[in-house]
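>>> Need coordinates for the following:
(one chain, ligands or ions: 1)
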Amino acid sequence: MSAKSYNRGYVILIATIAAFGGLLFGFDTGVISGALLLIKNDPALIINNLDQLPERTQEWIVSITVLGAAVGALGSGRITDILGRKKVLIITAFIFAIGSVGLGIAGSVAELIIWRLIIGIAIGVASYTVPLYISELSPTHVRGALVSINQLAITVGIFASYLVDLGFANTHEGWRWMFVVGLIPSLVLFVGMFFLPDSPRWLMTYKGEEKARKVLDKVGESNKEEVINQIKNNIKAESKERGSLSILKAKWVRPALIIGIGIMLFQQFTGINTVIYYAPTIFEMAGFGADSANAVYDAILPSLPIGAVNVLFTIVSIYLVDRWGRKPLLYLGLAGMVVALVALGVGFTFQDVIGAGSLKWISFTSMIIYTPFFAISLGPIAWLLISEVFPTKIRGLGMSLASMVNWLCNFLIANTFLTLGRVTTGEMPNPAGEGMLVNPGGAFFIYAAVGILGIIFVYSYIPETKGHSLEKIEEHFLAGKHPKKL
Ligand code: BGC
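As a prediction, the model looks like this:
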């Protein structure tokens, strides 16, 4: 077999089935955007004679999942080592499945919140385990593209959730069905994973070399002996440091930590998930669906093109990232996002001046511009960078830490968007849930300012990893050189 040949069909099948974990990550985070519009008005869930669920309750229903994901991401490193990647993904699929049904039959806000938390833990575990599993099973020269299938699956999951939301927007208690649809990809992941092998790296460490060799033969790894030796070396290096968190204090680890945590801060604090989770809410605030018999449908409909451009431009990014490099895409993406965010801020802040009709279209156009700029840059590249910059010895620990930071920042954004809009425009939070119209203009200005800081961060600290082997990147950091000089 030549150096570049491998069992293509089988490897793509493995990545595709595992990426259903990414699809569920996208689906279960995105589905809430439309479901929320029905949940907040469902008389079966509202207590104390309010018209709607209070904003803080809404924010909790959206964001508790993300908090669960932070916990899941943090614990993943250990459980994927103990049980193996395959078993963890099977268990995760099972949790996704029962969670989807649990949400569908939830009888109160408390039950909803508990099931959203459980699903969140599964999402956090999947967000760490799927890229890890795919990367460990991929032949070296196609690893980047195969790992990116996961981000593509996330965006497909989000888009699918918008379609499902739309499909059930006019159904009685439609939000229940929106959640239950998550059962389908859960079952695909659950059944599919039974037929896939565990990763050679894990098998070698815990089940012996023979089993690992068999899997490497099956995927057609042409550099089998080299891979086996590499795994052996890494295992040796890691076992010395296993369990010691003090390694994080080492000087050579610091740049990778700053890059990994920094890029996740910027990915989240530029506000992507206000768009992904609250798009229909923002459209509703901007006047879509006002005075319409199909108000919910009309507010969800404009989210569809957002979901679609997110998928499309993730594909563009996968194509460009090894050609243009990471940094040019990050600059371009951040610049475009900042412009769109400023437009959103201006639109909402000066809505009295520009008028309701214009606000509708400014909000729609800005969000349609914002999303592809995110999708070519911070979306895939943040996850890609954290799989590249951590030296082998701390890759697992570093990746799970960076994922956890991603989810915690996501939580802060999702949990504060509605009230942040109110505070920055001087209105007081309204726990009673009356007068729900919020002006999110101030929030968008804050995200834009973070975007500008992001450009400075990319310029001054992010290395261009394009075309460098992981070993070369690792050497650079171990030699104590500045990341930018790579
Ligand atoms: C982010 C998610 C986001 C998604 C949108 C991912 O890279 O981590 O927070 O919802 O992209 O496509």
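>>> C-alpha only now, for contacts and for neighbours.
OK.
>>> who does the helix or strand of the chain at the bottom of the mean pLDDT ranking touch, helix- and strand-wise?
Counting by mean pLDDT, DSSP states H and E, the chain has its least confident helix or strand at helix 224-241, which shows a mean of 75. Contacts defined by 3 or more Cα pairs under 8 Å, 6 or more residues apart in numbering; DSSP states H and E place helix 224-241 against helix 200-206, helix 209-219.
>>> just how off-centre is that helix within its chain?
Centroid separation for helix 224-241 versus its chain: 30 Å, with Cα atoms, centre = their mean, to the nearest Å.
>>> and what of stretch 399-409?
With Cα atoms, centre = their mean, you get 10 Å for stretch 399-409.
>>> what comes up buried for it?
Using 16 or more other Cα atoms under 10 Å as the test for burial, stretch 399-409 gives 399-409.
>>> Quick one: name the residues of the chain near the ligand.
155, 273, 276, 379-380 (Cα under 6 Å from any ligand atom).
>>> Report the closest residue of the stretch 251-400 of the chain relative to the ligand.
Relative to the ligand, the nearest point of the stretch 251-400 of the chain is residue 379 (3.9 Å; Cα to the nearest ligand atom).
>>> ok, now which ones touch that residue?
By Cα atoms under 8 Å, 6 or more residues apart in numbering, the contact list for residue 379 reads 151, 267, 314.
>>> I figured the second one hits residue 380, correct?
Put plainly, it is residue 267. No - contact criterion Cα atoms under 8 Å: residue 267 and residue 380 do not qualify, at 9.8 Å.
>>> what are the ranges of the helices in the stretch 151-300 of the chain?
Remark: helices assigned in the stretch 151-300 of the chain by DSSP state H, counting those that start in this stretch are 174-180, 183-194, 200-206, 209-219, 224-241, 254-269, 272-285, 295-300.
>>> Send over the fourth one as CSV, restricted to the C-alpha atoms.
This points to helix 209-219. In CSV, the C-alpha atoms belonging to helix 209-219 read as follows (Å, rounded to 0.1, in the frame of the first residue of the first chain):
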residue,chain,number,x,y,z
GLU,A,209,-1.1,-4.3,21.1
GLU,A,210,-2.7,-7.2,19.2
LYS,A,211,-6.2,-5.6,19.2
ALA,A,212,-4.8,-2.2,18.2
ARG,A,213,-3.0,-3.8,15.3
LYS,A,214,-6.2,-5.4,14.0
VAL,A,215,-8.0,-2.0,13.9
LEU,A,216,-5.1,-0.4,12.2
ASP,A,217,-5.2,-3.1,9.6
LYS,A,218,-8.9,-2.6,9.1
VAL,A,219,-8.6,1.2,8.5
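>>> Against which helices or strands is that helix packed?
helix 8-18, helix 200-206, helix 224-241.
>>> Please tabulate the helices and strands packed on helix 224-241 in JSON lines, including the columns mean pLDDT.
What follows is the helices and strands packed on helix 224-241, written out as JSON lines (pLDDT from 0 to 100):
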{"stretch": "helix 200-206", "mean pLDDT": "87"}
{"stretch": "helix 209-219", "mean pLDDT": "91"}
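>>> What lies in contact with stretch 66-75?
So stretch 66-75 is contacted by 117-128, 400-401, 403-408, 410-411 (Cα under 8 Å, 6+ apart).
>>> deepest of the helices and strands packed on helix 224-241, which one?
helix 200-206 (a mean of 21; mean count of other Cα atoms under 10 Å).
>>> where does the stretch 201-350 of the chain dip in pLDDT?
237-245 (pLDDT under 70).
>>> what about 90?
201-202, 204-206, 208, 219-253, 274-303, 318-323, 325, 347-350 (pLDDT under 90).
>>> can I assume residue 261 is in contact with residue 405?
Yes - with contact defined as Cα under 8 Å, residue 261 reaches residue 405; the gap is 6.5 Å.
>>> Check the gap between the closest residue to residue 192 other than its chain neighbours and the ligand for me.
Setting aside the residues directly before and after it, residue 192 is nearest to residue 17 in space (Cα to Cα, 6 or more residues apart in numbering), at 6.2 Å. Separation of residue 17 from the ligand (Cα to the nearest ligand atom, to the nearest Å): 19 Å.
>>> can you tell me which residues contact residue 17?
Contacts of residue 17 by Cα under 8 Å, 6+ apart are 188-189, 192-193.
>>> Ok, residue 185 next?
Shown in contact with residue 185 (Cα under 8 Å, 6+ apart): 20, 23-24.
>>> For the ligand, state which of these is nearest.
residue 23 (10.6 Å).
>>> Need the residues that contact the helix or strand harbouring the closest one.
Using DSSP states H and E, residue 23 falls within helix 20-30. Contact with helix 20-30 is made by 65, 89, 93, 96, 119, 123, 126-127, 130, 150-151, 153-162, 179, 182, 185-186, 188-189, 276-277, as judged by Cα under 8 Å, 6+ apart.
>>> Could you figure out how far it is turned away from helix 272-285?
Between helix 20-30 and helix 272-285, the angle comes out at 40 degrees (axes from the mean of the first three to the mean of the last three Cα atoms, to 10 degrees).
>>> quick check: mean pLDDT across helix 20-30?
Averaged across helix 20-30, pLDDT comes to 95.
>>> that older thread, take the contacts of residue 379 and write them to TSV, including neighbour count and distance to residue 393.
As requested, the contacts of residue 379 are exported to TSV (neighbours: other Cα atoms under 10 Å; distance: Cα to Cα, whole Å):
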residue	neighbour count	distance to residue 393
151	28	25
267	27	25
314	28	30
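>>> Of the residues you listed, which is the nearest to residue 107?
Nearest to residue 107 among the contacts of residue 379: residue 151, at 33.4 Å, using Cα to Cα.
>>> any idea how far residue 387 lies from residue 300?
35 Å (Cα to Cα, to the nearest Å).
>>> the more surrounded of these two?
Neighbour totals were compared for residue 387 and residue 300, and residue 300 leads with 27 against 23 (other Cα atoms under 10 Å).
>>> mind listing what that one touches?
34, 162, 165-166, 279-280, 283.
>>> ditto for residue 397
Residues near residue 397 by Cα under 8 Å, 6+ apart: residue 77.
>>> Counting neighbours, what do you get for the closest residue to residue 294 other than its chain neighbours?
Leaving aside its sequence neighbours, residue 294 sits nearest to residue 170 (Cα to Cα, 6+ apart; 7.3 Å). Counted with other Cα under 10 Å, the neighbours of residue 170 add up to 16.
>>> how far away is the nearest residue to residue 267 once chain neighbours are set aside from residue 335?
Nearest non-adjacent residue to residue 267, counting by Cα to Cα, 6+ apart: residue 378, 5.5 Å away. Per Cα to Cα, residue 378 is found 11 Å from residue 335.
>>> quick one, which of the two is more surrounded?
Counted by other Cα under 10 Å, residue 378 and residue 335 do not tie: residue 378 has more neighbours, with 25 against 20.
>>> thinking again about what came up before, can you lay out the helices of the stretch 151-300 of the chain as a markdown table showing distance to residue 460?
Converted to a markdown table, the helices of the stretch 151-300 of the chain look like this (distance: least, Cα to Cα, whole Å):
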| stretch | distance to residue 460 |
| --- | --- |
| helix 174-180 | 43 |
| helix 183-194 | 41 |
| helix 200-206 | 35 |
| helix 209-219 | 40 |
| helix 224-241 | 31 |
| helix 254-269 | 11 |
| helix 272-285 | 23 |
| helix 295-300 | 40 |
